[in-house]
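Q: This is a predicted model, with the sequence first.
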Amino acid sequence: MSDFNFRKSIDKQYDDRIKATAPVAEVDAYVFCTSSKYLGERLFAWQSLAIKIIYGLWREYPVSPEEQEVVDVLKNNWQIDLDLANRDVNQIIEILTLVLGRRSGKSSLISFIQTYEAYKLICKGDPQKYYNIRNRNPIYIVNCAKDGAQAQDPFRLCKHNIKRIPFFSKYIDSTKDNEGELRLFTPADLYENEQIRLYNESRPKHLPKKNYLEGSIMICAFTTSAASKRGKSIIFLVFDEFAHFDRAKSTGGGMTEEDILSEMPQTDYAMFKALEPATRDFNLESKGIHDGKIIMISSPKEKGGVFYHHYCLAGGKEQANALREDRDPKYLTMQLATWECNPKWTRASLDGAFKKDPVGAAMEYGGHFGEPNAAFVDAQKVDEMIDIALAMNYVGKWGHHYIISVDPASKGDTYVVTWGHAETTPGGHIFIVDGTQ
């Protein structure tokens, strides 16, 4: 082949690749979730509001009366003022903390956003080139949870979404479809595989053929060691039911980050430390690109742990200490009870759960963080708990004998110290809890 023809052939291949991997116009997240061409979902009001805020769409699609009710509930019941009238639609949100009661539609929202993020990557044509990462480096969309069932629930919903939407049909890599992973081809992947097909067809039968490439978009459910998942490029990371992860027994005491990751790899601290940096590949300040996102979503537990820490950073009001003044503007928080999210549930329908376990129900359904001492001190049991014969042999300056009790958590970073004393009165002994910390 002459030099001229060779260059012409190379130029044609280059032009063909550019054409095959050119970006295509994409619809926005709200249209994708609600249009019958894509997901066609009837969203709960809090879900549609969250999507509009995450993707800066509340002015393009004004807040509906139902969504306004959620805005009002957030402000009046939870002191979270979204201030949409003055909020900048270009305000970058990189971390979203969602504190929600059970049965609120958390898994559905995760699956909707995961599906949309996969759609956006395909529309880029060659997303690796767009984000300036290595050619064919896998791009991950990850749901991380404490156990397999929790991790796989949103994953199954996402996989079902993808398989029912016609747009995705030619991009599904059927060789990598299992209970914890689904791969999708990008247009660039399909172009490369077409070149492999043409190459293989031109080879004599007795010569080896090239293997086809796998899809480079990976939708995964993670439950295993955090350390083994480091170094991946994750554009959308979900920590599902994050408040219920095991907690690191210590993040100090001379322990290094490597110590914690290796000795306690499945704790909330280790998971966040291992996976959070993976989203930075998709936040390119020089190009004005901020597509890497983290969602921490959970029904709350007692105050403590990484989920609660980031809730405080986001400006959540149920803080044990004074409200933080260093609220990070890249955070957004929403906090709602079950009946404020899901119209199928009312507060009255949960009366039984609240009567049986008021502290637990307030967390699981009411959306409130619990005090670490809430389960330790039961007002109805104080008299039964205290035995004056167990008082320490210590007399305070008022002549009282004191007893101190410590209740450490079996797994986690919270504990309770309670101290009190007994007094003799004309009516008999009374028992006073002087303090709890």
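A: It's in. As the structure is a prediction and not an experimental result, all values here were calculated from the model.

Q: make it CA atoms for all contacts and neighbour counts henceforth
A: Will do.

Q: So which elements touch the longest strand that the chain contains?
A: Of all segments of type strand in the chain, defined using DSSP state E, the longest is strand 415-425. Using 3 or more CA pairs under 8 Å, 6 or more residues apart in numbering; DSSP states H and E, the elements in contact with strand 415-425 are strand 401-408, strand 428-436.

Q: which of these is buried the deepest?
A: Ranked by mean neighbour count, the helices and strands packed on strand 415-425 are led by strand 401-408 with a mean of 16 (mean count of other CA atoms under 10 Å).

Q: which one of the helices and strands packed on strand 415-425 has the lowest average pLDDT?
A: Among the helices and strands packed on strand 415-425, strand 401-408 carries the lowest mean pLDDT, a mean of 73.

Q: what about residue 349, how many neighbours?
A: By other CA atoms under 10 Å, 11 other residues sit near residue 349.

Q: before we move on, what SS does it have?
A: The three-state label given to residue 349 by DSSP: H, G, I helix; E, B strand; the rest coil is helix.

Q: Note down every partner strand of the longest strand of the chain and its orientation.
A: For strand 415-425, the paired strands and their directions (DSSP bridges) read strand 401-408 (antiparallel), strand 428-436 (antiparallel).

Q: Throw those into CSV and include distance to residue 131, thanks.
A: Compiled in CSV, the strands paired with strand 415-425 are given as follows (distance: least, CA to CA, whole Å):
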stretch, distance to residue 131
strand 401-408, 47
strand 428-436, 51
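
Q: Return the per-residue confidence for the residue found closest to residue 431 once you drop the neighbours it is linked to in the chain.
A: Of all residues not flanking residue 431 in the chain, residue 422 sits nearest, at 4.5 Å (CA to CA, 6 or more residues apart in numbering). Predicted confidence (pLDDT) for residue 422: 80.

Q: I'd assumed residue 428 was in contact with residue 422.
A: No. Using CA atoms under 8 Å as the test, residue 422 is too far from residue 428 to be in contact (10.2 Å).

Q: Now residue 370: closest residue in space, sequence neighbours ignored.
A: Nearest to residue 370 is residue 302, by CA to CA, 6+ apart, at 4.0 Å.

Q: residues touching the one you found, list them.
A: Counting by CA atoms under 8 Å, 6 or more residues apart in numbering, residue 302 makes contact with 363, 369, 370, 371, 372.

Q: Regarding the second one, what are the backbone dihedral angles?
A: Think residue 369. phi -70, psi 140 (degrees, to the nearest 10).

Q: residues contacting it?
A: Counting by CA under 8 Å, 6+ apart, residue 369 touches 300, 301, 302, 303, 318, 362, 363.

Q: now swap in residue 314 and tell me
A: Per CA under 8 Å, 6+ apart, neighbours of residue 314: 97, 327, 328, 329, 331, 332, 333.

Q: When you filter the residues you listed down to buried only, what's left?
A: For the contacts of residue 314, a neighbour count by 16 or more other CA atoms under 10 Å gives the buried set as 97, 327, 331, 332, 333.

Q: Test my guess that the third one contacts residue 98.
A: Put plainly, it is residue 331. No. Using CA under 8 Å, residue 331 makes no contact with residue 98, being 10.8 Å away.

Q: circling back: out of the contacts of residue 314, which one sits closest to residue 285?
A: residue 329 (15.8 Å; CA to CA).

Q: Can you say which helix or strand has that closest one in it?
A: Under DSSP states H and E, no helix or strand contains residue 329.

Q: Please tell me how far residue 283 sits from residue 318.
A: 30 Å (CA to CA, to the nearest Å).

Q: Kindly report the same for residue 130.
A: To residue 318, residue 130 is 41 Å away according to CA to CA.

Q: swap in residue 216?
A: On the measure of CA to CA, residue 216 and residue 318 end up 42 Å apart.

Q: swap in residue 369?
A: From residue 369 to residue 318 the distance is 7 Å (CA to CA).

Q: thinking again about what came up before, ok, of the buried ones among the contacts of residue 314, which one's closest to residue 164?
A: Relative to residue 164, the closest of those is residue 97; by CA to CA it sits at 29.3 Å.

Q: helix or strand for the closest one, which one?
A: Take DSSP H and E as the rule and residue 97 turns out to sit in strand 95-100.

Q: Direction included, what does that strand pair up with?
A: The strands beside strand 95-100 in its sheet (DSSP bridges) come out as strand 293-298 (parallel), strand 331-336 (parallel).

Q: Output the longest strand of the chain as PDB, nothing but the C-alphas.
A: Provided in PDB are the C-alpha atoms of strand 415-425 (Å, rounded to 0.1, in the frame of the first residue of the first chain):
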ATOM      1  CA  TYR A 415     -21.100   4.500  75.000                       C
ATOM      2  CA  VAL A 416     -23.000   5.900  78.000                       C
ATOM      3  CA  VAL A 417     -21.800   6.900  81.400                       C
ATOM      4  CA  THR A 418     -24.600   7.500  84.000                       C
ATOM      5  CA  TRP A 419     -24.100   8.500  87.600                       C
ATOM      6  CA  GLY A 420     -26.600   9.000  90.400                       C
ATOM      7  CA  HIS A 421     -27.200   8.700  94.200                       C
ATOM      8  CA  ALA A 422     -29.700   7.700  96.700                       C
ATOM      9  CA  GLU A 423     -31.200  10.000  99.300                       C
ATOM     10  CA  THR A 424     -33.200   9.100 102.500                       C
ATOM     11  CA  THR A 425     -36.300  11.100 103.000                       C
END
